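Student: how would this look folded up:
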Amino acid sequence: MKKLLLLLSIVFLAQPSKAQEWELFPKDQISYLQGPPGIGDSSLQTIIMDSVADLGFEKQYFFRRNLEQDQIGACNASDAYREFTSWGGWFSIDPLDSIIERNDTVFFARRKQYISSKPFYFLKNISLDSSWIIHNDYAGRKYRIEFTSQGLDTILGIVDSVRVYQVTKDSGSGPSPGAGVKFILSKHYGFIRYIPFQDFLGHNPTLNRKDLIGFKKDTVQAGFQAYEFEDYFSHSPGDVMLYKQVDWCAGIMYFFSNISFIKDSITQVYRSSDSIIYQVERTYRDKNGILSTVPVAYHKYYRSEYEPFVLAPENHVAIGDAGTPFYNGPIVWLLHAAWATSTQTVTSDLLPGTQVHEKSFYNALTGLDSADCEIHHGFDQEYGFTINSWQGFTGYADNNGITPCGTTIDLVGSRIGGVDWGDLRIPAGLSDRSSGIEIVLYPNPASDRIRIEGITIDKPVDFQIIDPMGRIIQRGTIAGPELNISNLPNGIYQLLANKGQRQFFGRFMKN
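Tutor: Modelled structure (predicted):
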């Protein structure tokens with residue numbers, strides 16, 4: 001049975017102590033904060049401040065420290081965290097992050113070290129109508145934070161005192177923050193709107209706000225709450241999923257892809273305490289347009305394999321024994337596959353009236369050997385998949401950087417619980433081959449803009465930017481040889497451009 005989230009679920013059995021009043025992140029409270037849809041970074045952020053070290057002259061508050069104690073056999077999961085976080089720092093808050101409070105002034109530290117010459121972040125008890133300055137690490141930007149008002153507000157159905165701190169640009173380059181960019185601090189439940197630490201310390205051209213959409217503290221909870229394992233695998237007989245599979249290869253002067261379709265109709269569901277298995281009737285259309293039917297096939301989800309992944313918060317390393325239901329290749333050679341969760345979102349766009357939780361995962365052929373408790377890396381092979389609490393697995397991608405070749409599998413249509421999404425018709429046609437010409441993108445890596453060489457842009461050209469998961473991250477038209485990529489998260493991308501009947505492609509890294 002599907003889990004329908006109630007927008008309000010509150011139990012009043014306990015009240016926070018006075019010691020926790022006006023804390024930025026109350027200890028042991030699980031806070032779910034998400035940016036508004038279509039505005040900047042709209043991903044979900046799960047914040048758990050679970051450890052405090054009182055050194056006398058300062059207090060250090062640590063996030064997710066309890067997750068470092070996860071055990072995989074005789075191995076401590078902190079080894080995996082350190083391996084993944086050493087790759088490039090794309091985690092937003094990981095177990096090694098902390099905020100430091102010194103004489104009412106709050107600093108932010110990354111992996112136990114200051115990453116800014118001026119890591120100053122917040123003043124907790126400043127008086128009304130007073131302000132302070134936050135220095136950004138990039139281009140001399142300075143932001144003024146002013147304590148503008150205090151009063152009562154309703155937080156996910158709970159009335160509490162709040163303080164409002166407006167953010168404005170004081171000096172430096174970059175756009176001015178909008179009126180909605182502010183800090184709102186609740187007396188008992190911490191930030192109900194805030195600007196992530198990293199926005200003040202990196203090269204972000206804009207500030208992204210996060211709003212509280214749910215929390216859990218002792219016996220008090222409200223708004224969005226995390227899903228359980230069963231909520232991601234809740235299909236029933238009669239549900240149908242249509243997947244599009246693209247097998248591609250790219251060379252110096254060519255690009256081609258073969259497209260096929262997989263349509264699975266669920267006929268039986270077997271549930272037990274340790275697994276959920278779908279029996280399906282499968283219709284397959286290969287790259288040549290030839291249809292075939294497999295009367296009985298299975299999707300198998302074992303709790304021990306998938307629960308560590310689907311229950312993990314964002315930017316967290318989860319270790320289990322599973323690959324994905326789409327692929328049983330080299331990843332299963334590893335005794336314990338280490339998947340890093342990437343982004344999460346909560347949206348009602350997929351299923352109006354219901355909040356759907358979407359998650360994405362990433363792996364680079366990395367596993368934890370339980371014999372020696374060491375992380376073992378593969379070579380230039382990447383995997384990823386996406387899942388949501390309504391449709392289950394919605395995408396898979398792999399990329400071999402040596403060949404380079406890869407596969408993407410995306411859900412393009414579904415009928416879940418009688419609700420149709422997308423298109424369930426298998427396209428006709430004998431062939432879906434496409435070809436293209438590789439273009440040069442530089443600088444590579446790039447942080448703000450890339451230049452395009454190898455295509456004459458004498459009129460607007462349509463383009464798409466695709467991430468390693470096969471998702472279209474950005475699309476539009478190019479009117480000149482430069483393309484602004486400053487709003488993209490750090491990572492590896494493919495640029496596809498169409499001019500007339502010809503397709504051009506190139507790969508680049510954003511850092």
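
Student: and the longest strand for the chain?
Tutor: Of all the elements of type strand in the chain, the one with the most residues (DSSP state E) is strand 255-271.

Student: partner strands of that strand and their direction?
Tutor: strand 240-250 (antiparallel), strand 275-285 (antiparallel), strand 434-435 (antiparallel) (DSSP bridges).

Student: closest one to residue 510 among those?
Tutor: For the strands paired with strand 255-271, the distance to residue 510 is smallest for strand 240-250, at 18.9 Å, taking C-beta to C-beta. (Each C-beta comes from the backbone N, C-alpha and C, glycine too.)

Student: pLDDT of that closest one, averaged?
Tutor: Throughout strand 240-250, pLDDT has a mean value of 86.

Student: list the buried residues of that strand.
Tutor: Residues of strand 240-250 classed as buried: 240, 241, 242, 243, 244, 245, 246, 248, 250 (neighbour count, 16 or more other C-beta atoms under 10 Å).

Student: can you say which two of those are spatially most distant?
Tutor: By the measure C-beta to C-beta, 240 and 250 form the most distant pair in these, at 32.8 Å.

Student: which residues does residue 344 contact?
Tutor: By C-beta atoms under 8 Å, 6 or more residues apart in numbering, the residues touching residue 344 are 43, 44, 46, 313, 314, 357, 358, 359, 360.

Student: export those residues as TSV, with columns for pLDDT, distance to residue 275 and secondary structure.
Tutor: What follows is those, written out as TSV (pLDDT from 0 to 100; distance: C-beta to C-beta, whole Å; DSSP: H, G, I helix; E, B strand; the rest coil):
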residue	pLDDT	distance to residue 275	secondary structure
43	83	30	coil
44	87	28	strand
46	87	27	strand
313	76	24	coil
314	75	26	coil
357	88	21	strand
358	87	23	strand
359	85	20	strand
360	82	23	strand
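
Student: could you dump those residues to a markdown table with neighbour count?
Tutor: Formatted as a markdown table, the contacts of residue 344 follow (neighbours: other C-beta atoms under 10 Å):
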| residue | neighbour count |
| --- | --- |
| 43 | 21 |
| 44 | 23 |
| 46 | 21 |
| 313 | 20 |
| 314 | 19 |
| 357 | 22 |
| 358 | 20 |
| 359 | 24 |
| 360 | 24 |
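
Student: quick check, nearest of those to residue 195?
Tutor: Within those, the smallest distance to residue 195 is 14.4 Å, found for residue 43 (C-beta to C-beta).

Student: the closest one and residue 284: what is the separation?
Tutor: Distance, residue 43 to residue 284, by C-beta to C-beta, to the nearest Å: 34 Å.

Student: shouldn't residue 199 be within a helix?
Tutor: Yes. Read with DSSP: H, G, I helix; E, B strand; the rest coil, residue 199 is one of the residues of a helix.

Student: which helix or strand contains the nearest residue to residue 25 once chain neighbours are set aside?
Tutor: What sits nearest to residue 25 in space, not counting adjacent residues and going by C-beta to C-beta, 6 or more residues apart in numbering, is residue 49, at 4.1 Å. Counting by DSSP states H and E, the element that carries residue 49 is strand 44-54.

Student: what does that strand contact?
Tutor: Contacts of strand 44-54 (C-beta under 8 Å, 6+ apart): 25-34, 59-66, 92-93, 99, 196, 210, 213, 226, 313-314, 343-346.

Student: the closest residue to residue 235 other than its chain neighbours: what's it in contact with?
Tutor: Nearest non-adjacent residue to residue 235, counting by C-beta to C-beta, 6+ apart: residue 266, 5.5 Å away. Residues near residue 266 by C-beta under 8 Å, 6+ apart: 235, 236, 237, 238, 239, 240, 278, 279, 280.

Student: tell me which two in those are the farthest apart.
Tutor: The largest separation in those, counting by C-beta to C-beta, is between 240 and 279 at 13.5 Å.

Student: care to break this structure down by domain?
Tutor: 18-223, 229-422, 436-510 (automatic domain parsing).

Student: who does the closest residue to residue 299 other than its chain neighbours bridge with?
Tutor: Ranked by C-beta to C-beta, 6+ apart and with sequence neighbours excluded, the top spatial neighbour of residue 299 is residue 278, at 4.2 Å. Counting by DSSP bridges, residue 278 is bridged to residue 269, residue 299.

Student: same thing with residue 63?
Tutor: Residue 63 forms beta bridges with residue 49, as assigned by DSSP bridges.

Student: ok, it to residue 52 distance?
Tutor: Distance from residue 63 to residue 52, by C-beta to C-beta: 11 Å.

Student: neighbour count: these two, which is higher?
Tutor: Neighbours were tallied for residue 63 and for residue 52 using other C-beta atoms under 10 Å; the higher tally belongs to residue 63 (21 against 13).

Student: the more buried one and residue 282: what is the separation?
Tutor: Separation of residue 63 from residue 282 (C-beta to C-beta) stands at 44 Å.

Student: this structure: helices as residue ranges?
Tutor: In the chain, the segments counted as helices under DSSP state H are 78-85, 197-201, 303-310.
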